[in-house]
Structure formats: structure tokens, C-alpha cells
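*Asks:* here are the coordinates; sequence isn't available:
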């Protein structure tokens, strides 16, 4: 699955870097899945967050290719996952309201993935 056409237009020179990542950038500069779910990074190794729970890995395919910032990493269960600058990428499989009540979200384990990365005002959970 490739990036939405809008991502190429927004990133222009960086489009080649993210060509295989199943994500897009919103008008406010956050990365989302192609279905519009916010993407987050989590400190730690892939596989620390169990697949199939509320926090779902952004899986990669065998034929996807890594770039400079987005890399494909191996999970302990043998599946592939996208990571951004070394941090595994996930999305929350639930409502925004239930996400804001998630204890790990409230303690700041999760960082909303933004472009450019880490721009002011949008950082960790609970903010």
C-alpha cells in the first residue's frame, strides 16, 4: 500500500522517502493511517506492545522498502512493523475518548507523530 497522493504533494522532495509507508499527513501536520487514525510512536522495542490490543502496530509488508526516517523493523512474532527514527509506530484501535482514558496514553508513553517531526504544541499523550 503506497502513501496517499496528498502526501507526495505535501512532502515533495521527501516523497521518495515515504513512498511505501501506509500513512498520510493531515492539514494540521499529523500523520494518520490511510483510514484517518492518528499515528503514534512508543519508546521501546517492537513487540513490547502486544498486537491485537488497543494499540496496533503499523505493519509493513515484505515488499515495502525503508527510507531515511521510516524503517522496517522485525517484531518478535516474525511480522514486520514500521518505525520512525527508531521508535515503533502504532495507531489506537478505538475512539479518541477511550484513548484519552488509556493509562499509558495519560502517562505520556505515546507521542503523536507529526510533520515536521516533533513540531511545537503536539507531543505526548494527555496533552
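*Replies:* Received it, and whenever you're ready, just let me know what you need. Given the structure is predicted, the values throughout are model-derived calculations rather than measurements.

*Asks:* Output the lowest mean pLDDT helix or strand found in this protein.
*Replies:* In the chain, no helix or strand scores lower on mean pLDDT, DSSP states H and E than helix 5-11, which sits at a mean of 37.

*Asks:* quick one: buried residues of stretch 79-94?
*Replies:* 80, 81, 82, 83, 84, 87, 88, 89, 90, 91, 92 (16 or more other Cβ atoms under 10 Å). To be clear about C-beta, it is placed using only N, CA and C from the backbone, and glycine gets the same treatment.

*Asks:* Now the very next helix or strand once past the least confident helix or strand of the chain: average pLDDT?
*Replies:* Remark: after helix 5-11, the chain's next helix or strand is strand 23-25, criterion DSSP states H and E. Averaged across strand 23-25, pLDDT comes to 85.

*Asks:* and strand 23-25, what other elements does it pack with?
*Replies:* Applying 3 or more Cβ pairs under 8 Å, 6 or more residues apart in numbering; DSSP states H and E, we find strand 23-25 packed against helix 5-11, strand 31-33.

*Asks:* and the host helix or strand of residue 81, which strands flank it?
*Replies:* Element membership for residue 81, per DSSP H and E: strand 80-84. When sheet partners are counted by DSSP bridges, strand 80-84 sits next to strand 59-60 (antiparallel), strand 70-74 (antiparallel), strand 87-92 (antiparallel).

*Asks:* Pull the residues that contact the first one.
*Replies:* Residues lying outside strand 59-60 but in contact with it, judged by Cβ atoms under 8 Å, 6 or more residues apart in numbering, are 20, 72, 79, 80, 81, 82.

*Asks:* which pair in these spans the largest distance?
*Replies:* 20 and 79 (15.8 Å; Cβ to Cβ).
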